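K.L.:
A structural model of the following input is requested.
(chains A, B, C and D)
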Protein chains: 2
Amino acid sequence: MTSREASGQRSETVRRANLSTILQELHLHGPLSRSELVSRTGLTRSAIRGLIGELASGGLVTEERSASIGAPGRPSPLSRPRADRHVVLALEIAIDSLAVALVGLGGEVLELQRVDRARGHLDADRLVDDLARLARPLLERQAQRAAVVGIGLSMVGVVRASDGMIRVAPNLGWRDVPLADVVARKLRLDVPVTVANDGDLGALAEHRRGAAIGVDDVIYVAGEVGVGGGVIVAGRRLEGAGGYAGEIGHIRVNPSGSECRCGARGCWETEVGERALLRRAGQRPTGGRAAVDGVFRAAAGGSPVALDALTATGEWLGTGLASIVNVFNPSLIVLGSLFGRMHPYVSAQVEQALSSGAMDAPGEMVRVVPAALGEDAPLLGAAELAFEPLLIDPAGWLAPRPALVRVAGA
Amino acid sequence: MTSREASGQRSETVRRANLSTILQELHLHGPLSRSELVSRTGLTRSAIRGLIGELASGGLVTEERSASIGAPGRPSPLSRPRADRHVVLALEIAIDSLAVALVGLGGEVLELQRVDRARGHLDADRLVDDLARLARPLLERQAQRAAVVGIGLSMVGVVRASDGMIRVAPNLGWRDVPLADVVARKLRLDVPVTVANDGDLGALAEHRRGAAIGVDDVIYVAGEVGVGGGVIVAGRRLEGAGGYAGEIGHIRVNPSGSECRCGARGCWETEVGERALLRRAGQRPTGGRAAVDGVFRAAAGGSPVALDALTATGEWLGTGLASIVNVFNPSLIVLGSLFGRMHPYVSAQVEQALSSGAMDAPGEMVRVVPAALGEDAPLLGAAELAFEPLLIDPAGWLAPRPALVRVAGA
DNA sequence: CAGCGTTTGGTCAAGAGGAACACAAACCCG
DNA sequence: CGGGTTTGTGTTCCTCTTGACCAAACGCTG
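P.N.:
So this is what the prediction gives:
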């Protein structure tokens, strides 16, 4: 029961909902036979037939002879989402890199390009120009045959969901930058531009395509300098009232801790972020990715300082996770980016901190795993975000209804 | 988009969904005219007519002549949920009291009784016997004409949602008590028994009937000795994988803090709970409700010790809330029970801590208000919980379909 | 107080969409 | 090669909502 949109089901909505259900199944689970769709959706064969037919004639799916061997009975044709006709442009502004990708319906990554960028403050116009330069050739190669249905952008920063305004991005020195508008202006594709936080999108991607497939209550924790995250609640992204939810790097775990870039004192980020790790390892906190890799190499080589630094960081990681477990009662915690790489060294500390710091009931049922998608998770999440309108209402992207000609009087 | 239950819309579901929508509107917003329902649901007058008619003939709503004066046009009849035909039994095991209530459809509290109980450990069988003794006369008075559709129970403790098992209840010394089963066995009503945590139910009640009506992203914080809470995300209760979500009293805010009853160190509860307040006020921490009232009286009388204790507690309250705001980005925080009474004394500290401790973007958009329902909030939430099945599928409670007799061949 | 405009209810035919059923097709297996 | 099984195809039926038309009930106005 929800209080929002207590809207009635009109007869026209039914078909939309069913088209959406089927397209989502295909987009998420890949090619499925018609009979699999029947059992997954609970609809009848007749209904599936009609709906698949509509999706096929609209260019969203193809049907092909099934290659199923060994199954008795008449083979069921395989429905496959068409990655070549409807694509999204996914963009990412990360701390060390920029990335663009074209992703087809069904999640197939058609092209992906990532370039390093130096850390530091940079103008939004310049960054988006760089992204546009990267995206242009991809679009030109694909745009002949495929329709771009949307642009999704993953951003390291606090993003207002309603209009894609970057409220603050400490890594870039931004405050109140209307990033979605900038992208729309520079890319001139005349499709919706949706911007979201990289942590939220990483969570979305891991939930759809990564380590958290099929799990409905998930916490994703990632970060380099800043610690971000995303939360999946009952299978849905936790957005909050303004889209700012999921800033789990800024729970306050240590009132006597150091000042955080957000202005508060003792945020979790100050204890588990890249700088904390480097500081504990005796490195310059601003050493960046190269220095962090050095710590991992040293730890792999048995360096006590590096190992101690990782252990201490792991303990703080577990402490914060314990709070999060008590609040959300997730069944899965996915550790991404820095924490994913850290996982082999700190899993014992994390488990220990969870069992001592979280309450028994929620603590017993949570698993902690490293992310499956690596550094591309936010980019893939941006693609998923951009596909959302198409998946929610495929009818809008179908060719005009094929006017079922009937013989008059028949 | 959700991953769970990607189930197709069957033509029979439509009517169920629409009946549910209308009944929910009536249950939540009270009597509505048919034309108001038209505009709220987006359904047509014809559809509303049919649906209301079905609900009326099933005894769930009544239609009466509208008393609307001054409106032009034909008056629209008022549909009113019938509180006298379908009721739920709400039960509450609180730290200082037991309560029972009969609540009718639409949320009307028909009868409510609360009795004090001494704090301390007590057997589940004994407590439920007490509840049953309280409930018996209420049931006997109402049961002649009304059908009891469910039993909801609010419990101070960690509750497994699936089966109403109390995993732990420090106030009562319980571990793994199958409370729902005990209630079902003792009350013998042969209706579903649903048990949930008092904080979660307080949140539900404030969202439906209290300070958070119409707000979709809400944090409810309440507690006496233990600090609990409940979260409303996008208009829905946050449950988590096992139903344990919302234990916000056990976020860890102070690694050098004192040991919490949950076994961890430095939980928020140890800094903002009743015992912390009493300790700071120079009282015996186990003084209970009477001692707390004493502190409030002293503060009202200007006692510096009491005021300082409240100020310090308020600062910790705000610190924890800042973390929660960063994680959830709610638009409203509702302070219940102890914190509701504390609110006048600590609102300045809370605001201060929120503006310094929470990030700007989510911090700007959150309001903090005291609860509207007082100590009965969890009890009323239990009633709402028990109504849930009826509201989700009213068809099950309607009289058997009136078998639309058609003249054969017509 | 009668007439008018307005709003809403009542009724019924039409349309849309899924369900149910019977039949045909395509595969496996012996 | 024939039986069994599974699934697609096509038709009919049923349910539910819509839309249109008319009637009813109210306020307003002269």
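K.L.:
and the closest residue to DNA strand D within the stretch 1-150 of chain A, how many neighbours does it have?
P.N.:
Closest to DNA strand D within the stretch 1-150 of chain A is residue A:73: 2.0 Å, counting by CB to the nearest atom of the strand. Every residue, glycine included, has its C-beta placed from N, CA and C. Using other CB atoms under 10 Å in any protein chain shown, residue A:73 is surrounded by 7 other residues.
K.L.:
My reading is that it lies in a helix. Confirm?
P.N.:
No. In this structure, residue A:73 is coil, not part of a helix, as judged by DSSP: H, G, I helix; E, B strand; the rest coil.
K.L.:
Look up how far residue A:35 lies from it.
P.N.:
Plainly put, residue A:73 is 9 Å away from residue A:35 if you go by CB to CB, to the nearest Å.
K.L.:
and if you look at residue A:91?
P.N.:
Counting by CB to CB, the gap from residue A:91 to residue A:35 is 39 Å.
K.L.:
who has more neighbours, these two?
P.N.:
residue A:91 (29 against 18).
K.L.:
confidence score at the residue of the stretch 51-200 of chain A found nearest DNA strand C?
P.N.:
Proximity of the stretch 51-200 of chain A to DNA strand C (CB to the nearest atom of the strand) peaks at residue A:74, 3.5 Å away. Residue A:74 carries a pLDDT value of 79.
K.L.:
Count the neighbours of it for me.
P.N.:
8.
K.L.:
tell me the contacts of it?
P.N.:
If a contact means CB atoms under 8 Å, 6 or more residues apart in numbering or on different chains, then residue A:74 has no contacts.
K.L.:
Against residue A:38, how distant is it?
P.N.:
From residue A:74 over to residue A:38 the distance is 13 Å, taken as CB to CB.
K.L.:
Leaving out chain neighbours, which residue sits closest to the closest residue to chain B within the stretch 51-200 of chain A?
P.N.:
Proximity of the stretch 51-200 of chain A to chain B (CB to the nearest CB) peaks at residue A:167, 4.0 Å away. The shortest distance from residue A:167 to any non-neighbouring residue, by CB to CB, 6 or more residues apart in numbering or on different chains, is to residue B:361 (4.0 Å).
K.L.:
does the one you found count as helix, strand or coil?
P.N.:
Under three-state DSSP, the three-state class of residue B:361 is helix.
K.L.:
How many neighbouring residues does it have?
P.N.:
Counted with other CB under 10 Å, residues neighbouring residue B:361 total 24.
K.L.:
just how off-centre is stretch A:385-401 within its chain?
P.N.:
20 Å (CA atoms, centre = their mean, to the nearest Å).
K.L.:
Just the residues contacting that stretch, thanks.
P.N.:
Applying CB under 8 Å, 6+ apart, the set of residues contacting stretch A:385-401 is A:15-16, A:19-20, A:23-24, A:27, A:54-55, A:57-60, A:86, A:88-90, A:103, A:105, A:147, A:149-152, A:192, A:194, A:196, A:201, A:204, B:1.
K.L.:
pretty sure residue A:372 is in a helix, no?
P.N.:
No. Counting by three-state DSSP, residue A:372 is not found in a helix; it is coil.
K.L.:
For residue A:206, see how far away it is.
P.N.:
Relative to residue A:206, residue A:372 is positioned 7 Å away (CB to CB).
K.L.:
More neighbours: which of those two?
P.N.:
residue A:206 (29 against 16).
K.L.:
Please name every helix or strand in contact with the host helix or strand of the more buried one.
P.N.:
Secondary structure from DSSP states H and E places residue A:206 in helix A:198-209. On a contact count with 3 or more CB pairs under 8 Å, 6 or more residues apart in numbering or on different chains; DSSP states H and E, helix A:198-209 meets strand A:147-155, strand A:218-223, strand A:227-233, strand A:236-237, helix A:377-392.
K.L.:
Kindly calculate the angle that that helix makes with strand A:227-233.
P.N.:
Inter-element angle recorded for helix A:198-209 and strand A:227-233: 40 degrees (by axes from the mean of the first three to the mean of the last three CA atoms, to 10 degrees).
K.L.:
Make TSV out of the helices and strands packed on helix A:198-209 and add mean neighbour count and mean pLDDT.
P.N.:
Formatted as TSV, the helices and strands packed on helix A:198-209 follow (neighbours: other CB atoms under 10 Å in any protein chain shown; pLDDT from 0 to 100):
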stretch	mean neighbour count	mean pLDDT
strand A:147-155	24	96
strand A:218-223	28	95
strand A:227-233	29	95
strand A:236-237	22	96
helix A:377-392	26	97
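K.L.:
Next, the contact list for the residue nearest to residue A:167, please.
P.N.:
A:158, A:160, A:167, A:168, A:242, A:244, B:329.
K.L.:
Off-centre distance for stretch A:144-158?
P.N.:
Taking CA atoms, centre = their mean, the mean C-alpha location of stretch A:144-158 is offset from the chain mean by 13 Å.
K.L.:
In CSV, list the C-alpha atoms belonging to that stretch.
P.N.:
Extracted in CSV, the C-alpha atoms of stretch A:144-158 (Å, rounded to 0.1, in the frame of the first residue of the first chain):
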residue,chain,number,x,y,z
GLN,A,144,22.0,5.1,-38.4
ARG,A,145,20.0,2.1,-37.3
ALA,A,146,19.3,2.6,-33.7
ALA,A,147,17.2,5.1,-31.8
VAL,A,148,18.7,6.7,-28.7
VAL,A,149,15.9,6.6,-26.1
GLY,A,150,17.7,8.5,-23.4
ILE,A,151,20.9,9.7,-21.8
GLY,A,152,21.9,8.6,-18.3
LEU,A,153,24.8,10.2,-16.4
SER,A,154,26.5,9.0,-13.4
MET,A,155,28.1,11.7,-11.3
VAL,A,156,30.3,11.8,-8.3
GLY,A,157,28.3,14.3,-6.3
VAL,A,158,25.0,15.0,-4.6
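K.L.:
So is that stretch next to chain B?
P.N.:
Yes. Applying CB under 8 Å from any CB of the partner chain, one finds stretch A:144-158 touching chain B at residue A:158.
K.L.:
Stretch A:248-255 now?
P.N.:
Yes. Stretch A:248-255 is in contact with chain B by CB under 8 Å from any CB, via A:248, A:250, A:251, A:252, A:253, A:254, A:255.
K.L.:
which residues does the residue lying closest to the first one once chain neighbours are set aside bridge with?
P.N.:
Just to be clear, that refers to residue A:248. Distances taken as CB to CB, 6+ apart put residue A:229 closest to residue A:248, at 4.0 Å, once the chain neighbours are dropped. Beta-bridge partners for residue A:229, by DSSP bridges, are residue A:221.
K.L.:
so residue A:229 makes contact with residue A:250?
P.N.:
No. Counting by CB atoms under 8 Å, residue A:229 does not reach residue A:250; the two are 10.0 Å apart.
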